[in-house]
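1. Quick one, what's the 3D model for this:
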Amino acid sequence: MHLNLKAKQENTYDAIVVGSGISGGWAAKELTEKGLKTLMLERGRQVRHIIDYPTATSNPWEMPYHNRLPQEELEKDYYVQNRTGYAMRQTTKHWWVKDSEHPYTEIQRFDWMRGYHVGGRSLMWGRQSYRMSPMDFEANAKEGIAVPWPVTYDEIAPWYSYVERFAGINGKKDGLPQLPDGEFLPAMEMNCVEKEVKKRIEENFPERMMTIGRSANLTRAHNGRASCQYRNMCIQGCPFGAYFSTQSSTLPAAVATGNLTLRPDSIVTEVLFDPETRKATGVRILDAETMEYREFYAKVVFLCASAIASTYILMNSTEHFADGMGNASGELGRNIMDHHLNLGAYGEYPGFEDMYYYGRRPNGIYIPRFRNLTENNMDFIRGYGYQGGASRTGWKKSIAEVSIGAKLKEDVNEPGPWMFGMMGFGEWLPYHENKMYLTTEKLDKYGLPTIVFDAGPGENEMKMREDIKIAGAEMLEAAGLKNVGTYDDGIALGKGIHEMGTARMGADPKTSVVNKWNQVHEVENVFVTDGAFMTSGGCQNPSLSYMAFTARAADYAVSELKKGNL
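-> Just a heads-up that it's a prediction; the model follows:
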């Protein structure tokens with residue numbers, strides 16, 4: 001008994017953070033800086049900053065097979081990760097899971113892009129960083145969609161500022177109500193064609209504005225990190241620490257406190273619960289190396305494993321909850337959202353053949369939402385923005401979410417004509433019928449249950465996609481581009497890598513999973529601060545919102561702990 005008590009004491013912390021990506025890194029930083037002894041659990045391998053970026057300085061032409069993977073390897077191990085065109089290169093394959101080892105089931109197509117390692121997708125993200133606006137937080141309530149957000153923009157705005165100042169976001173203040181300004185480092189510069197296209201679009205469509213993207217790349221040294229070198233090799237790992245990631249930013253801050261314990265190769269399978277106190281006591285993990293189960297204990301648990309993985313853990317916590325922890329509302333695993341993309345318009349810009357640009361800017365242009373701003377005047381609700389840019393090779397290099405699929409020859413050819421392209425990022429509504437659930441009929445390599453996805457687009461998404469193409473083409477034609485065309489590579493959830501909504505936030509425990517402070521309604525010392533809590537998605541890239549809500553939730557958790565409420 002004495003030995004058991006000693007072992008439990010050694011495995012006890014003030015806080016446990018599950019996941020080490022964007023949300024998990026912020027939770028660890030905030031909790032440790034506020035004095036809590038914190039255990040960060042990551043299901044994947046250790047990745048140390050700089051040391052473990054094996055291809056950080058590798059050029060595509062230096063890699064085997066022209067930086068591609070043999071077809072047999074793609075078909076055997078990366079049949080999902082590869083089908084989007086994002087991931088599978090010799091320079092990047094080490095970041096992505098093998099689908100053969102981590103299978104799931106799709107009733108409707110779902111592109112689940114995953115990276116299991118310390119830092120998670122903070123090492124691979126597109127770095128576009130936008131605030132949600134007051135109209136985004138109000139939309140559900142005004143339109144009677146899903147449930148209302150239990151918070152306002154004004155409540156979250158100070159936390160947006162807080163995380164922007166630490167992370168380092170470059171951008172331009174544009175004064176748009178639908179895209180609130182933030183705390184910015186100097187903006188990156190548009191090239192000559194982008195400036196001209198901006199001018200012509202705004203002359204022809206005064207209600208539409210084109211600006212430079214707001215991205216988490218440093219345009220000057222910041223918080224001990226070097227400025228961006230314009231290599232546009234961010235996904236290979238940045239030895240300069242010039243973009244925000246767990247490794248470059250939040251993890252060093254947490255480690256500096258002396259309060260962090262990081263444990264990789266630790267697959268959290270469930271949250272432990274005491275039915276007498278009605279509180280979580282910790283988590284159970286499966287050690288990925290020894291295949292042994294262990295338990296760790298804490299006063300608060302932060303689930304930051306990703307919208308899908310955190311919900312998986314809650315669903316698998318069935319010892320005291322028949323339908324999963326936090327699922328009294330029946331909404332756990334439902335309302336899956338993403339941003340639909342991979343469609344838009346492109347064209348050739350005549351002229352400026354004697355002009356080029358400096359380096360490879362890891363950022364593109366942004367056209368903020370202009371549809372349905374003051375009233376719904378389209379045959380769909382909500383809206384979309386565009387990302388893209390101009391270059392003398394493949395214009396998609398300006399969009400981080402798709403640029404890593406650029407053909408090798410585009411990097412080495414002589415400059416061709418100027419091309420300009422734009423891709424729409426549209427809001428996906430939260431539908432109750434879009435769901436995930438667990439099955440034991442298919443197990444992963446560890447013998448654990450796997451996920452079934454049953455989610456797809458609605459009529460609103462399909463109507464919005466048509467308008468994205470039409471509006472994109474009309475802007476480019478008005479701007480004087482030639483050979484303007486549109487494209488649509490198909491719609492599927494997961495493709496935007498912005499999964500959201502599976503443990504949505506709401507004021508009513510009967511219709512939501514977490515409250516306004518990201519606490520699980522039924523288990524108040526469990527916080528969910530990744531994309532799972534999102535009540536609606538807006539059309540903006542969501543990672544900045546995860547950062548802000550995570551920092552806010554950590555501040556609240558520590559305050560409640562000090563009051564004795566947790």
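2. Next SSE downstream of the helix or strand harbouring residue 474?
-> Using DSSP states H and E, residue 474 sits within helix 459-478. On the C-terminal side of helix 459-478, the closest following helix or strand by DSSP H and E is strand 482-488.
3. tell me the secondary structure for residue 525?
-> strand (DSSP: H, G, I helix; E, B strand; the rest coil).
4. Mind giving me the packing neighbours of the helix holding residue 474?
-> In this structure, helix 459-478 packs against helix 192-204, strand 339-340, strand 343-349, strand 384-391, strand 418-427, strand 482-488, with contacts taken as 3 or more Cβ pairs under 8 Å, 6 or more residues apart in numbering; DSSP states H and E. Using the backbone N, CA and C atoms, a C-beta is placed for each residue, glycine as well.
5. now do 10 Å
-> Helices and strands touching helix 459-478, as assessed by 3 or more Cβ pairs under 10 Å, 6 or more residues apart in numbering; DSSP states H and E, comprise helix 192-204, strand 339-340, strand 343-349, strand 365-367, strand 384-391, strand 418-427, strand 482-488.
6. For my notes, please list those in JSON lines and give mean pLDDT, distance to residue 88 and mean neighbour count for each entry.
-> Putting the helices and strands packed on helix 459-478 into JSON lines (pLDDT from 0 to 100; distance: least, Cβ to Cβ, whole Å; neighbours: other Cβ atoms under 10 Å) gives the following:
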{"stretch": "helix 192-204", "mean pLDDT": "98", "distance to residue 88": "30", "mean neighbour count": "18"}
{"stretch": "strand 339-340", "mean pLDDT": "94", "distance to residue 88": "22", "mean neighbour count": "26"}
{"stretch": "strand 343-349", "mean pLDDT": "96", "distance to residue 88": "22", "mean neighbour count": "23"}
{"stretch": "strand 365-367", "mean pLDDT": "98", "distance to residue 88": "27", "mean neighbour count": "25"}
{"stretch": "strand 384-391", "mean pLDDT": "96", "distance to residue 88": "22", "mean neighbour count": "27"}
{"stretch": "strand 418-427", "mean pLDDT": "96", "distance to residue 88": "20", "mean neighbour count": "27"}
{"stretch": "strand 482-488", "mean pLDDT": "96", "distance to residue 88": "21", "mean neighbour count": "14"}
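7. To residue 230, which of these lies closest?
-> When the helices and strands packed on helix 459-478 are compared by Cβ to Cβ, strand 384-391 sits nearest residue 230, at 13.1 Å.
8. Tell me the gap between that closest one and the middle of its chain.
-> In terms of Cα atoms, centre = their mean, to the nearest Å, the gap separating the centre of strand 384-391 from the centre of its chain is 19 Å.
9. Please save the CA atoms from it in CSV.
-> Coordinates of each C-alpha in strand 384-391 appear next as CSV, following Å, rounded to 0.1, in the frame of the first residue of the first chain:
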residue,chain,number,x,y,z
TYR,A,384,-15.9,33.3,-47.5
GLY,A,385,-12.5,35.0,-48.0
TYR,A,386,-9.8,34.4,-50.6
GLN,A,387,-6.2,33.6,-50.3
GLY,A,388,-3.7,33.6,-53.1
GLY,A,389,-1.2,35.7,-54.9
ALA,A,390,0.8,36.5,-58.0
SER,A,391,4.1,34.9,-59.1
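10. quick one: low-confidence ranges for the chain?
-> 1-6, 87, 394-414 (pLDDT under 70).
11. which residues in it form helices?
-> 2-10, 22-33, 71-77, 134-143, 153-167, 192-204, 251-256, 307-315, 400-403, 408-412, 459-478, 543-562 (DSSP state H).
12. and the angle for the helix holding residue 474 with strand 343-349?
-> 10 degrees (axes from the mean of the first three to the mean of the last three Cα atoms, to 10 degrees).
13. Give me the buried positions along helix 459-478.
-> Using 16 or more other Cβ atoms under 10 Å as the burial criterion, the residues of helix 459-478 that qualify are 460-461, 464-465, 467-469, 471-473, 475-476.
14. Repeat that for stretch 311-324.
-> Burial within stretch 311-324, assessed by neighbour count using 16+ other Cβ under 10 Å, is assigned to 311-317, 321, 324.
15. Show me which of the residues you listed is closest to residue 252.
-> Within the buried residues of stretch 311-324, distances to residue 252 taken as Cβ to Cβ reach their minimum at residue 313, with 26.7 Å.
16. so who does that closest one touch?
-> Residues counted as contacts of residue 313 (Cβ atoms under 10 Å, 6 or more residues apart in numbering) are 18-19, 267-271, 283-284, 301, 303, 305, 324-325, 526, 528.
17. how close does it sit to residue 321?
-> Residue 313 is 12 Å from residue 321, where distance means Cβ to Cβ, to the nearest Å.
18. Now do the shared contacts for the two.
-> With the criterion set as Cβ under 10 Å, 6+ apart, the overlap between the contacts of residue 313 and residue 321 is 270-271.
19. Is residue 224 in contact with residue 252, as I believe?
-> Yes - in this structure, residue 224 is within contact of residue 252 by Cβ atoms under 10 Å, at 8.1 Å.
20. Which neighbours do those two have in common?
-> When contacts are counted by Cβ under 10 Å, 6+ apart, residue 224 and residue 252 have residue 241 as shared neighbours.
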